[in-house]
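# need coordinates for the following:
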Amino acid sequence: MNKAREEFRPETGTELDWSLPYASRRQPILARNVVATSQPLATQAGIAMLRAGGNAVDAALATAIALTVVEPCSNGVGSDLFAIVWDGSGLAGLNASGRSPAAWTPERYAGQSAMPRAGWNTVTIPGAVGGWVALSQRFGKLPFGDLFEPAIRYARDGFAVSPVVAEKWSRVVPILGDEPGFAEHFLPRGRALAPGELFSSKALADTLQKIAATRGEAFYRGELAETMVAHARAHGGAQAMADFAQHACDWVAPLAYDYHGFTVHEIPPNGQGIAALMALGILDSFDLSGQAVDSVDVQHLEIEAMKLAFADAYRYVADPRAMTVTPQALLGRSYLGSRARLIDPVRAQDYRHGTPPPGGTVYLAAADERGMMVSLIQSNYMGFGSGIVVPGTGISLQNRGTGFSLEPGHPNIVGGSKRPFHTIIPGFVTHRGAPYCSFGVMGGPIQPQAHLQTLVRLIDYHANPQAVLDAPRWKINSGISIDLEADASPALRDGLAARGHELASVPDAYMDFGAGQFIVRTETGYVAGSDPRRDGQAAGY
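Numbers count the residues shown, from 1 in each chain. Sure, this is the predicted structure:
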């Protein structure tokens, strides 16, 4: 074992339960260098960087760039990105989410009851490209252009569409199929592609080549920015060259919450990661020992804790410049304890936000034998995003502006040069100051809910990463309504219903329970798991 690995070996007391009690044919992967993501081709792009002498950040970036090609129904070049990196000595957080055009005002949306879901009035400035550049500059070892080679090859030569991607692709045709740019690029045969059919995009390959050659300058200040702005102006968009040129990523200190001997880290607002920490803090008031993780008691408490956390997150989380309370106030133990006292242990409730004291997406994880670990997430928000594909570029643009509020006085009200409430959240766990787990679960509002559910299984019940991801999940709708996956036990379903939870009917093929990747550090390397709800793969060597 080399010295770097020995220095960052996790403490004892983190032993895993290696059983696989849930329906899954996947096994955890054990290796010294690992990548886990929702697409095998993207995973292999990351592994190739590690074998070429790159580190975990190089692997994560090659994986993320490849995902813009092979999983276009979840992300693209026009996405946002967040990341948490353990660099061998500490954690660094990156907020690479974009801001709204400077010209956006509430008056632009007058007469609308909610933000639109498609079109230029939902497009914030994409931050993913800037995130790739920032991560490579600070942590990468390989030349920036090398990270693009697998993605460019997939785009130019074509790749076989995987089953889950094909299913998600087909779902958006009734919604976005009439959008000229979308249909031209993503419906090459006049329909969504079926599993096994080849998809290629020379335009996207050329775009990736330009980004690689200019280290992102073409996207924010050059040819690609000019093309996007011209298309926006021709179709009523407010996006301007200055909006692209002024985009900036922010290095941030991740929020931290100590939970049962471990410290859980999330990116601070404008993201919703704080909701997962709040839910853990509320759950901390209850003793789970001696109770099975799939028991009605434990699952009921998790659901109620999450509802309380969401009530506050949806009221207070926004661009940090506009928030009226601090994250530290929301995470105060006395405040979270007071919220926990609202929970009835035998009855489902609906909750309003409290008053603290003043004060669709892709996820991937990578880790290398030198001790670097990465948790990274990027997204177009709702599937293919805004439905806009800029002609001749293959760039599909996100619809993150949908995350703004139109409620007067709300801290998240739409405005110019402002970041909206954001759903995508990478996570990280440390144990006594040492790196323990990089993790995340994609899927819009399910993300903090799945963070809570998977972390309880990992931390309180020591489940291995694959078992953590295999387990059935619930998802909060509104009020006392929840969805419960079809493979949850009848005893759990009946028990939750008896406590007043309204269980919606969910088909077996329902895909809205998220999909995660976990990498856990061990004394001899890493153990990784990949969610069976997607086409994904954890791999290593």
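
# which ones are touching E149?
Taking CB atoms under 8 Å, 6 or more residues apart in numbering as the contact definition, E149 lies against A62. All C-beta spots, glycine's among them, are computed from the backbone N, C-alpha and C.

# and if we set it to 10 Å?
The contact partners of E149, taken as CB atoms under 10 Å, 6 or more residues apart in numbering, are A45, A48, M49, A52, A62, I65, A66, L208, Q209, A212.

# pick out whichever of these sits closest to A322.
Of all the contacts of E149, I65 has the smallest distance to A322: 32.0 Å, by CB to CB.

# the closest one in helix, strand or coil?
The three-state label for I65, taken from DSSP: H, G, I helix; E, B strand; the rest coil, comes out as helix.

# and for T430?
With three-state DSSP as the criterion, T430 was assigned strand.

# quick one: which of the contacts of E149 is nearest S162?
A66 (12.9 Å).

# next, count neighbours for the closest residue to Y220 other than its chain neighbours.
Taking CB to CB, 6 or more residues apart in numbering, and ignoring the residues beside it in sequence, Y220 has F244 as its nearest neighbour in space, at 4.8 Å. Residues near F244, counting by other CB atoms under 10 Å, number 22.

# what residues does the one helix or strand F244 maps to touch?
If you go by DSSP states H and E, F244 is part of helix 241-245. Under the criterion CB under 10 Å, 6+ apart, residues 98-104, 124-126, 130, 217, 219-222, 224-226, 228-230, 232, 416-417 lie in contact with helix 241-245.

# mind doing that once more with 6 Å?
Defining contact as CB atoms under 6 Å, 6 or more residues apart in numbering, one finds that helix 241-245 is touched by P101, A102, I125, Y220, R221, A225, V229.

# which of these fall in helices?
Secondary structure defined by DSSP state H assigns Y220, A225, V229 of those to helices.

# list the strands paired with the helix or strand just after the helix holding F244, with their directions.
Later in the chain than helix 241-245, the nearest helix or strand by DSSP H and E is strand 250-252. Neighbouring strands of strand 250-252 in its sheet, by DSSP bridges, are strand 91-96 (antiparallel).

# hang on, the earlier thing: and the pLDDT for the residue nearest to Y220?
What the model reports for F244 is a pLDDT of 99.

# right, and P163 touches L193 too?
No. Under the criterion of CB atoms under 6 Å, P163 is not in contact with L193, lying 11.2 Å apart.

# those two - which one has more neighbours?
A count of neighbours by other CB under 10 Å puts L193 above the other of P163 and L193, at 18 against 12.

# so how far is S200 from the more buried one?
Here the distance between L193 and S200 works out to 11 Å (CB to CB, to the nearest Å).

# start and end of stretch 472-491, how far apart?
End-to-end distance for stretch 472-491, by CA to CA, to the nearest Å: 13 Å.

# what residues sit buried inside it?
Buried positions in stretch 472-491, judged by neighbour count with 16 or more other CB atoms under 10 Å: P472, R473, W474, K475, I476, I480, I482, D483, L484, E485, A488.

# spatially central, which residue of the protein would that be?
Here the mean C-alpha position of the chain is nearest to the C-alpha of I424 (CA atoms, centre = their mean), at a distance of 3.7 Å.

# measure that one to K475 for me?
When distances are taken as CB to CB, I424 and K475 turn out to be 17 Å apart.

# hey, where'd the strands end up in the stretch 151-300 of the chain?
Under the criterion DSSP state E, counting those that start in this stretch, the stretch 151-300 of the chain contains strands at 159-160, 198-199, 250-252, 255-259, 262-266.

# residues contacting the third one, please?
For strand 250-252, the external contacting residues (CB under 6 Å, 6+ apart) are G93, L94, N95, P268.

# then the second one?
Taking contacts as CB under 6 Å, 6+ apart, the residues outside strand 198-199 that touch it are G158, A160, V161, L193.

# find the nearest non-adjacent residue to the first one, please.
What it means is G158. Here the residue nearest G158, using CB to CB, 6+ apart, is S200, at 3.5 Å.

# most neighbours, which of the contacts of strand 250-252?
Neighbour counts for the contacts of strand 250-252 were taken using other CB under 10 Å; the highest belongs to L94, with 25 neighbours.

# partner residues bridging it?
Counting by DSSP bridges, L94 forms beta bridges with A83, W251.

# hmm, A83 and it touching each other?
Yes. Under the criterion of CB under 6 Å, L94 makes contact with A83 at 4.5 Å.

# what are the buried residues along stretch 255-268?
L255, Y257, Y259, F262, T263, V264, H265, E266, I267, P268.

# quick one: the closest residue to P101 other than its chain neighbours from H353, how far?
With CB to CB, 6+ apart as the criterion, P101 has its nearest non-adjacent residue at 4.4 Å, and that residue is A238. Distance of A238 to H353, given as CB to CB: 32 Å.

# before I go, just wanted to say thanks for your time.
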